[in-house]
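In: sequence first, predicted coordinates after that:
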Amino acid sequence: MWRIAWAFVLGVCAAAAERPAVRVLLVSGGGAEERAAAALLADALRQAGSFAVFTSDDPGALTTAAVARYDVLAVDCDGAWWGDAAQRAVERFVARGKGLAVVRAGDCALGPEPGRRRFAALAGAAAAAGAASGSQPLRVTATPPFLTVDDPGPALTPVPGTKILAAFRPEGRAGVEQPAAWTTSYGKGRVFVTRLGRNQAVRGEREFVDTFLGGVAWAAQVAPQPRGETVPPVRTLVVTGGHNYDPTFYTLFEGRPGITASIDPHPMPYRRGDLRKNYDVLVLYDSMQQASEPERVKLTNFLESGKGLVILHHALVDYSDWPWWYEQVMGGRWLKVDGPVFKWKTAYKHDVDMLVYPVGEHPVTAGVGPMRIQDETYKGMWLSPENKVLMRTDDPSSDGPVVWISPYPKSRVVVIELGHDRKAHLHPGYQKLVRNAILWSAGKE
Ligand SMILES: [Zn+2]
């Protein structure tokens, strides 16, 4: 019977604030599949908030000098042997007091190369012969126990003296449990090992993520950040409709720390209950020139209650016949040509390769910096002189301001002109900008 001690996951101390981020080098194989699998680990580390994450997909290039600047190595084994030189560099790294966290450890430890036995020793284990067993339901004994579907991979047995964190047994089958995760020490350093994580889907499961994050923090000899004790996330309603868009738009809201989002196409949000009750911030990405009466009432109530608003790209065209909206709330208006035939006077231009840069310092542009982006520009809008411009471009196809705060006094309104398609949606600077804007408009930052 394994003694189960999930100690580092649950035994959390609160003194984690104000510590510089733990520098993690995430090492994976270089194939597309390996990189995608490792990206899930990188995301989990980044979302934990207390790690600075660096990646390498060339394990054979690890040297003592190359790893010296990190606190902990997180190794995502893919079955290839990283070579004796890298093995020695990692041994020295850990022996001198740094940390090592190994995912799907059996794949590093088992193989024909003699150096792999040294890897197994570093991981506090001995590799046993036995082929990979394939994905299957596993009952994992931990605190609390859970059921997962994973491939435990090559057999790997911890040596005496390691501390077993979790064990598994194929679901529905009797027999001896096999160790799934454990910790050990090596010289002055700490090593966390899990055999799990071969099945990529497992990397999205809470139990796996918690163990991995706890293991990395433990190996780095820091207390893990308590999870779930932060401020409640900003409840965000994203309104689409009236304009097509790339599905990459959703990546702006999925998995962004501090934010939960629902997407609801126009006009449904204005037909359902009170927006004030369920949401803190409204993000408009629709393109609707007319506002119905119920829409006006709901938007007015929402904004007058002090809730946040972020207006993105297409939505700058919204409500150009509603003076309260364009003068106060948005601080901008798309203009029409005078005359009987509908025609826009404001111009647009697609795929402009431009430099946009912050104007002064503001929480909305924190960490965004000047950025090169290929996006659509607008020119010839009416813009309120009372706007506080946060970012601009000097491209001649633009009016100049591309991010601003409107003069509206009762709530925080951020207008981001950028965001036409996937080139913006997938731009790290744009992603940061949108997240910052949501948090700031909610009064969080
Ligand atoms: Zn557009």
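Out: Okay, I see it.

In: now do the contacts for whichever residue of the stretch 151-300 of the chain sits closest to the ion.
Out: Per Cβ to the ion, His243 is where the stretch 151-300 of the chain lies closest to the ion, at 7.1 Å. Where you see a C-beta, it was placed from the backbone N, CA and C, and this is true even at glycine. Applying Cβ atoms under 8 Å, 6 or more residues apart in numbering to His243 gives the contacts 285-287, 314.

In: which one (most neighbours) among the residues you listed?
Out: Neighbour counts for those were taken using other Cβ atoms under 10 Å; the highest belongs to Tyr285, with 25 neighbours.

In: that one reaches Tyr245, doesn't it?
Out: Yes. Between Tyr285 and Tyr245 there is a contact under Cβ atoms under 8 Å: 6.9 Å.

In: what is in contact with these two at once?
Out: The contact sets of Tyr285 and Tyr245 overlap at His314 (Cβ under 8 Å, 6+ apart).

In: quick one: contacts for the residue of the stretch 251-400 of the chain found nearest the ion?
Out: Relative to the ion, the nearest point of the stretch 251-400 of the chain is Glu376 (4.4 Å; Cβ to the ion). Counting by Cβ under 8 Å, 6+ apart, Glu376 makes contact with 313, 348-352, 420-421.

In: what does Val297 give?
Out: The contact partners of Val297, by Cβ under 8 Å, 6+ apart, come to none.

In: how much space is there between it and Glu304?
Out: Summarising the geometry, the distance separating Val297 from Glu304, computed by Cβ to Cβ, to the nearest Å, is 11 Å.

In: hmm, back to that, okay if I get the contacts of His243 as JSON lines plus distance to Ala155 and secondary structure?
Out: Listed next are these as JSON lines, based on distance: Cβ to Cβ, whole Å; DSSP: H, G, I helix; E, B strand; the rest coil:
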{"residue": "Tyr285", "distance to Ala155": "51", "secondary structure": "coil"}
{"residue": "Asp286", "distance to Ala155": "56", "secondary structure": "coil"}
{"residue": "Ser287", "distance to Ala155": "58", "secondary structure": "coil"}
{"residue": "His314", "distance to Ala155": "56", "secondary structure": "helix"}
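
In: which residue packs closest to the residue of the stretch 251-400 of the chain closest to the ion, ignoring adjacent ones?
Out: By the measure of Cβ to Cβ, 6 or more residues apart in numbering, the closest residue to Glu376 outside its immediate chain neighbours is His420, 3.9 Å from it.

In: low-scoring stretches of the stretch 101-250 of the chain, by residue?
Out: Residues of the stretch 101-250 of the chain that meet the criterion pLDDT under 70 lie in 129-132, 223-231.

In: what about 50?
Out: Scanning the stretch 101-250 of the chain for pLDDT under 50 picks out 228-229.

In: for it, what spans make up the helices?
Out: Read by DSSP state H, counting those that start in this stretch, the stretch 101-250 of the chain holds these helices, from start to end of the chain: 106-109, 115-122, 206-219.

In: cool, and the stretch 301-445 of the chain?
Out: Using DSSP H, counting those that start in this stretch, the helices assigned to the stretch 301-445 of the chain run over residues 323, 422-425, 428-441.

In: so which of these is nearest the ion?
Out: The ion sits nearest to helix 422-425 of all the helices of the stretch 301-445 of the chain, at 9.4 Å, using Cβ to the ion.

In: burial count for the residue of the chain found nearest the ion?
Out: In the chain, the residue that lies nearest the ion is His420 (3.6 Å; Cβ to the ion). The tally of other residues near His420 (other Cβ under 10 Å) stands at 22.

In: please report how far Thr93 lies from Gly99.
Out: Quick fix: residue 93 is Phe, not Thr. The span separating Phe93 from Gly99 equals 9 Å under the rule Cβ to Cβ.

In: between those two, which contacts overlap?
Out: By Cβ under 8 Å, 6+ apart, the residues touching both Phe93 and Gly99 are 73, 189.

In: about what we covered before: for the contacts of His243, give me JSON lines that also has pLDDT and distance to the ion.
Out: JSON lines is the format used below for those (pLDDT from 0 to 100; distance: Cβ to the ion, whole Å):
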{"residue": "Tyr285", "pLDDT": "98", "distance to the ion": "10"}
{"residue": "Asp286", "pLDDT": "97", "distance to the ion": "12"}
{"residue": "Ser287", "pLDDT": "96", "distance to the ion": "8"}
{"residue": "His314", "pLDDT": "95", "distance to the ion": "5"}
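
In: I'd like these as TSV, with distance to Gly273 appended.
Out: Output for the contacts of His243, formatted as TSV (distance: Cβ to Cβ, whole Å):
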residue	distance to Gly273
Tyr285	21
Asp286	19
Ser287	24
His314	25
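
In: can the longest strand seen in the chain be found next to the ion?
Out: Using DSSP state E to assign secondary structure, the strand with the most residues in the chain is strand 347-358. No. Contact between strand 347-358 and the ion is absent, the nearest approach being 6.6 Å (criterion: Cβ under 5 Å from the ion).

In: quick one: list the elements packing against that strand.
Out: With contacts defined as 3 or more Cβ pairs under 8 Å, 6 or more residues apart in numbering; DSSP states H and E, strand 347-358 has these neighbours: strand 371-379, strand 388-393.

In: which strands or helices does the last one pack on?
Out: If you count contacts as 3+ Cβ pairs under 8 Å, 6+ apart, strand 388-393 packs onto strand 347-358, strand 401-405.

In: list the strands paired with the longest one, with their directions.
Out: The partner list of strand 347-358 in its sheet, established with DSSP bridges, is strand 371-379 (antiparallel), strand 388-393 (antiparallel).

In: same deal with the shortest one?
Out: Paired with strand 401-405 in the same sheet, following DSSP bridges, are strand 388-393 (antiparallel), strand 413-416 (antiparallel).

In: state the mean pLDDT of the last one.
Out: So the one you mean is strand 413-416. Averaging pLDDT along strand 413-416 gives 98.

In: report the buried residues of that strand.
Out: 413-416 (16 or more other Cβ atoms under 10 Å).

In: ok, stretch 136-150 next?
Out: Buried-residue list, stretch 136-150, by 16+ other Cβ under 10 Å: 136, 138-142, 146, 148, 150.

In: now do the same end-to-end measure for that stretch.
Out: Stretch 136-150 has an end-to-end distance of 6 Å (criterion: Cα to Cα, to the nearest Å).

In: one more: stretch 242-249?
Out: End-to-end span of stretch 242-249 (Cα to Cα): 15 Å.

In: kindly report the domain assignment for this protein.
Out: Structural domains of the chain, as assigned by automatic domain parsing, span the residue ranges 7-219, 234-441.

In: if we ignore the residues flanking it in sequence, what's nearest Ser441?
Out: Closest residue to Ser441 apart from its sequence neighbours, by Cβ to Cβ, 6+ apart: Gly308 at 2.8 Å.

In: can I assume the one you found is in contact with Ala442?
Out: Yes. Assessed by Cβ under 8 Å, Gly308 is found in contact with Ala442 at 4.7 Å.
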